[in-house]
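>>> Sequence and predicted model, in that order:
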2 protein chains.
Amino acid sequence: MKHTKIKDLLSSSKTAQEVNAKGWVRTFRNNQFIALNDGSTINNIQCVVDFENTSEETLKRITTGAAISVTGELVESKGAGQKYEIQVTKLEILGDSDAEKFPMQPKKHSLEFLRENAHLRVRTNAFGAIMRVRSVLSFAVHNYFQQKGFVYVNTPIITGSDAEGAGEMFKVTSLPFDNPPRNEDGKIDYKKDFFGKETNLTVSGQLEGETFAMALGQIYTFGPTFRAENSNTSRHLAEFWMIEPEVAFNDLNDNMDLAEDFIQYVIKYTLDKCPDDLKFLDSRLTEEEKSKPQTERSEMSLLERLNFVLSTNFKRVSYTEAIDILRDCTPNKKKKFNYIINEWGADLQSEHERYLVEKHFKCPVILFDYPANIKAFYMRLNEDGKTVRAMDILFPGIGEIVGGSQREERYDVLVEKMKALGIAEEELWWYLDTRRFGSAVHSGFGLGFERLVLFVTGMSNIRDVIPFPRTPMNAEF
Amino acid sequence: MKHTKIKDLLSSSKTAQEVNAKGWVRTFRNNQFIALNDGSTINNIQCVVDFENTSEETLKRITTGAAISVTGELVESKGAGQKYEIQVTKLEILGDSDAEKFPMQPKKHSLEFLRENAHLRVRTNAFGAIMRVRSVLSFAVHNYFQQKGFVYVNTPIITGSDAEGAGEMFKVTSLPFDNPPRNEDGKIDYKKDFFGKETNLTVSGQLEGETFAMALGQIYTFGPTFRAENSNTSRHLAEFWMIEPEVAFNDLNDNMDLAEDFIQYVIKYTLDKCPDDLKFLDSRLTEEEKSKPQTERSEMSLLERLNFVLSTNFKRVSYTEAIDILRDCTPNKKKKFNYIINEWGADLQSEHERYLVEKHFKCPVILFDYPANIKAFYMRLNEDGKTVRAMDILFPGIGEIVGGSQREERYDVLVEKMKALGIAEEELWWYLDTRRFGSAVHSGFGLGFERLVLFVTGMSNIRDVIPFPRTPMNAEF
């Protein structure tokens, strides 16, 4: 008999049928009630064992974590909290789980302990929910762009270019590390490496993405990117997934419209598709916040916050306006910020971003028109000659979730900027070609996918929203 | 005035309206007819220039590759080959393209030349079509699995494990390569590397995927994987995208059913969504084959071949049967194979796979139950003690497109196999945990995405179906 997924059993409209379910035991109460989960939903199905006609030996093997197969009648449940249950007529142990050794006990584990058991934490309610939500969010991303006719582009992971400057890069090589081939002058002979040159892991697919946007019009990437930075924070990973749309003929305003519409779409989609998982994560967060002092608790629950973002226009504020607000705000005057904002040109720290979003505007904020010298070389210079058409989207509790810009489409201006920064033209000949041949206004942005998952799940550490996090000193599994 | 995508203009139901289009000039004939393309479709829109009222200087700048904006009335075209055209009233040059320097001339270029210009080749008909088809195929993959309730899992790219053995790995490091820190015994001190240990680029997400399948039931990965192998062939890339579903409680037969249904779905989806691009690629292939001798030409056109795969059950053949067929076939007896098949146990080469698919069965073939010693350690041993529940799917013109198996779910058998192969248990403690706690029958497979794109587009070199190919001695862009 083919087994039926628990999600389908629980939403069945037909009782009194014989069914088979397979899954893992979450709990076993009174030698009678099994809570069975198969990962198709956060909800367990209750399986009622006929303990009088089941051998003592079998009953002993129904332990937390054991894989079992149950056959029986699907009936309406008399118990509270579930609509249906299975009256078990046949029970088979597929795989035992030694109750004393199984790390995922039916109790609350610390997030640190669960990270050390990333291969098993997904068997808990919280991580099952997070990973299902992550998957649905991913699909929402593809759905959004494909519906609008964007072309999905897989930009290269291994790159021979290190000019993008978004961050420190990991080296990739197949040379014998211990004793690499060397030139006559003693330098490592990268001509003998796999690719015949030095290569790194990409920090962004933007530059390659731009070349495709200048042919296909609207493109997006969604793939892994890397930073070899020793950032041991709750917001940074060495390996993370990034979404980078790029659109020909879009200016910065179109770019802001796209980013806002996109974020609202994917959140709405996930709210619609994952009600049970999000309800669980909402309760989880509320529970967790009870341990915090009243003043540190969120004003809104998770679900309220997600719905709020859907119903609110993101506040668009120029960098210059933001500096004025920050310079005059109480924490700045009282020197509560670690970095005091004195004048125009200062780079904003996360404390400033959070003040703007969480205290001043109390909604998502898009900052735009940043000073040129704190932003990347490819951003379009404004007519004022000192600001660029950059934008960052700041989210409550998360900080920067999107960074984007209108790109410098003028060949001469771009080359001059590269020269000033010491970026060799030969390195980026292909990028410059897009400005040599049929250049046009275009814009794009990057969204760190895990930060979006953080926001949607209400988790607070980015290591808890990716299956196997990569961080300094940690590449287990 | 907001511009409209050319795809939408060409499928418009409303003529005699003023429209704006932006795109790149493909050709300009008789100082009057612009073929304009914006990447939204393979089809150009004809823009008729009022050359008597357009300055000589502007007309000169309408060159192949130039980005332009045209405004005018959308009218039914009197010319052949298009339904609508734009009677241009306003034309703006957005970005020039020096006709003498622009590499993508309106003529046939060699595929080698186009590979060297991978940043511009996507502006040609063929590569625009390939990249749109690739994107739609990607989306079909997500659509298929998400509809069935599979959870998308991003398994790690950087891995501390090198036990999987699917191929040679690239090293990843942030140590100074030229002068790495060393221990007292002179060995490199990987404890000082970013992750505190030796790390590589993944060759497969399967083992991590299995841990998630044993919690969420049905999962799939779709991400980049790597091989540091010096394979300079038309079927190998050093960096390629792989799809790896893994399903708890599926045996090998379920696995074959899943793979066949999946492949048929994504091809059907792409046929439905990309009629124009596939029609172009179909003609392109037919044209290309004209240069081949009659005997080497395909019996079917591209579209016929795709439709054939949809309407055919994949032939399921055991390895043992396949060996019998091969041993007795004419090319083997006449010693036309490079590797002569003499006895059971021989590893099949691509010449043998192609014979089975293209000459003997003339349809996609699933080979199963391979000798244990030519397959990976994690495949389930059959009761005969010498074969494993492996399967490979072989496609005409492509060879192996899928490799999969039922996994060895028995802890003791798995540990014994690892011991025999010298794979340290400490390396894969987390993998073994899935067999320690609630183990169950499960199966999965890996599909090399670029081989699928090769098959669907009818291209013959895998470097032409990925945006920026990574191969030995090549990591440009």
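Done, it's in. Numbers count the residues shown, from 1 in each chain, chains lettered A, B, ... in the order given.
>>> what number of residues lie near the spatially closest residue to residue A:77 that is not a sequence neighbour?
Nearest residue to residue A:77, sequence neighbours excluded (CB to CB, 6 or more residues apart in numbering or on different chains): residue A:85, at 4.1 Å. For every residue, glycine as well, the C-beta is placed using N, CA and C. If you count neighbours by other CB atoms under 10 Å in any protein chain shown, residue A:85 ends up with 24.
>>> and residue A:85, which of the three is it?
Under the three-state scheme (DSSP: H, G, I helix; E, B strand; the rest coil), residue A:85 adopts strand.
>>> Please tell me I have it right and it contacts residue A:45.
Yes: Residue A:85 is in contact with residue A:45 according to CB atoms under 8 Å; the separation is 6.7 Å.
>>> who in the stretch 301-450 of chain A is up against chain B?
Applying CB under 8 Å from any CB of the partner chain, one finds that the stretch 301-450 of chain A approaches chain B through A:409, A:430-431, A:433-441.
>>> Sort out which of these are in helices and list them.
Secondary structure defined by DSSP state H assigns A:430-431, A:433-436 of those to helices.
>>> Could you identify the helix or strand that succeeds the helix or strand bottoming out on mean pLDDT in chain A?
Of all helical and strand segments in chain A, the minimum by mean pLDDT, DSSP states H and E falls on helix A:350-354, at a mean of 93. Going down the chain from helix A:350-354, the next helix or strand is strand A:365-371, by DSSP states H and E.
>>> Next secondary structure element downstream of that next one?
Once strand A:365-371 ends, the next helix or strand along the chain (criterion: DSSP H and E) is strand A:387-395.
>>> So for the closest residue to chain B within the stretch 301-450 of chain A, what pLDDT did the model give?
As assessed by CB to the nearest CB, chain B sits closest to residue A:439 within the stretch 301-450 of chain A, at 3.4 Å. What the model reports for residue A:439 is a pLDDT of 98.
>>> circling back to that earlier point, narrow the ones in helices among the residues of the stretch 301-450 of chain A next to chain B to those that are buried.
A:430-431, A:433-436 (16 or more other CB atoms under 10 Å in any protein chain shown).
>>> got JSON lines for those residues, with pLDDT and distance to residue A:160 too?
Output for those, formatted as JSON lines (pLDDT from 0 to 100; distance: CB to CB, whole Å):
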{"residue": "A:430", "pLDDT": "96", "distance to residue A:160": "11"}
{"residue": "A:431", "pLDDT": "97", "distance to residue A:160": "13"}
{"residue": "A:433", "pLDDT": "98", "distance to residue A:160": "16"}
{"residue": "A:434", "pLDDT": "97", "distance to residue A:160": "18"}
{"residue": "A:435", "pLDDT": "98", "distance to residue A:160": "20"}
{"residue": "A:436", "pLDDT": "98", "distance to residue A:160": "20"}
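>>> can I assume residue A:50 is in contact with residue A:90?
No: contact status for residue A:50 versus residue A:90: not in contact, 9.9 Å apart, counting by CB under 8 Å.
>>> so where's chain A shaky on pLDDT?
For chain A, residues meeting the criterion pLDDT under 70 lie at A:163-166.
>>> switch the cut-off to 50
Within chain A, no stretch has pLDDT under 50.
>>> Okay, domains of it per the record?
Chain A breaks down by automatic domain parsing into domains covering A:6-102, A:123-168+A:203-464.
>>> Residue B:69 is nearest to which of those domains?
Set against residue B:69 and scored by CB to CB, the domains of chain A come closest in domain A:123-168+A:203-464, at 8.1 Å.
>>> all helices of chain A, in order?
Using DSSP H, helices in chain A cover A:6-10, A:56-61, A:111-116, A:125-147, A:206-216, A:252-273, A:275-289, A:302-311, A:319-327, A:330-333, A:350-354, A:411-421, A:429-436, A:449-457.
>>> Pull the contacting residues for residue A:300.
Applying CB atoms under 8 Å, 6 or more residues apart in numbering or on different chains to residue A:300 gives the contacts residue A:308.
>>> before we move on, back to that, my understanding was that the residue of the stretch 301-450 of chain A closest to chain B contacts residue A:409; is that so?
Yes: at 4.8 Å, residue A:439 counts as touching residue A:409 under the criterion of CB under 8 Å.
>>> Now for the two: what residues contact both?
Shared contacts of residue A:439 and residue A:409, defined by CB under 8 Å, 6+ apart, comprise residue B:95.
>>> what about stretch A:381-396, start to end distance?
29 Å (CA to CA, to the nearest Å).
>>> buried ones in that stretch?
Using 16+ other CB under 10 Å as the test for burial, stretch A:381-396 gives A:381-382, A:387-396.
>>> wait, which of those residues is closest to residue A:3?
Among the buried residues of stretch A:381-396, and counting by CB to CB, the member closest to residue A:3 is residue A:395, at 41.2 Å.
>>> and the residue lying closest to the closest one once chain neighbours are set aside, what is it in contact with?
Nearest-residue entry for residue A:395: residue A:401, 4.6 Å, with adjacent residues in sequence omitted and distances by CB to CB, 6+ apart. Contact analysis of residue A:401 by CB under 8 Å, 6+ apart lists A:263, A:393-395, A:447-448, A:451-452, A:455.
>>> What of residue A:169?
With CB under 8 Å, 6+ apart, residue A:169 has these contacts: A:162, A:200-201, A:203, A:226-228.
>>> Closest one to residue A:293 out of these, please.
Nearest to residue A:293 out of the contacts of residue A:169 is residue A:227 (CB to CB; 33.7 Å).
>>> returning to what we had before: quick one: the buried residues of stretch A:381-396 as TSV, columns for distance to residue A:146 too.
Shown next, in TSV, are those (distance: CB to CB, whole Å):
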residue	distance to residue A:146
A:381	34
A:382	33
A:387	35
A:388	31
A:389	27
A:390	27
A:391	24
A:392	26
A:393	22
A:394	28
A:395	25
A:396	29
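>>> Farthest-apart pair in those residues, please.
Greatest spatial distance among the buried residues of stretch A:381-396 (CB to CB): A:381 and A:396, at 31.3 Å.
>>> Going by neighbour count, which residues of stretch A:346-360 are buried?
The neighbour-count check on stretch A:346-360 (16+ other CB under 10 Å) flags A:346, A:348, A:352-358, A:360 as buried.
>>> Pull up the distance across that stretch, start to finish.
The first residue of stretch A:346-360 is 19 Å away from its last residue (CA to CA).
>>> Now tell me what touches that stretch from outside.
Residues external to stretch A:346-360 that are found in contact with it (CB under 8 Å, 6+ apart): A:317, A:322-323, A:325-326, A:329, A:331, A:337-339, A:341, A:363-365, A:367, A:374, A:392, A:394-397, A:399-400.
>>> Taking those, please make a PyMOL selection of just the buried ones.
Remark: buried members of those, expressed as a PyMOL selection using 16+ other CB under 10 Å:
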select buried, chain A and resi 317+322+323+325+326+329+337+341+363+364+365+367+392+394+395+396+399+400
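>>> Tell me which of the domains of chain A is the most buried.
domain A:123-168+A:203-464 (a mean of 19; mean count of other CB atoms under 10 Å in any protein chain shown).
>>> Mind listing the residues bridging to the closest residue to chain B within the stretch 51-200 of chain A?
Using CB to the nearest CB, residue A:95 is the residue of the stretch 51-200 of chain A that sits closest to chain B, at 3.4 Å. Beta bridges link residue A:95 to residue A:67, judged by DSSP bridges.
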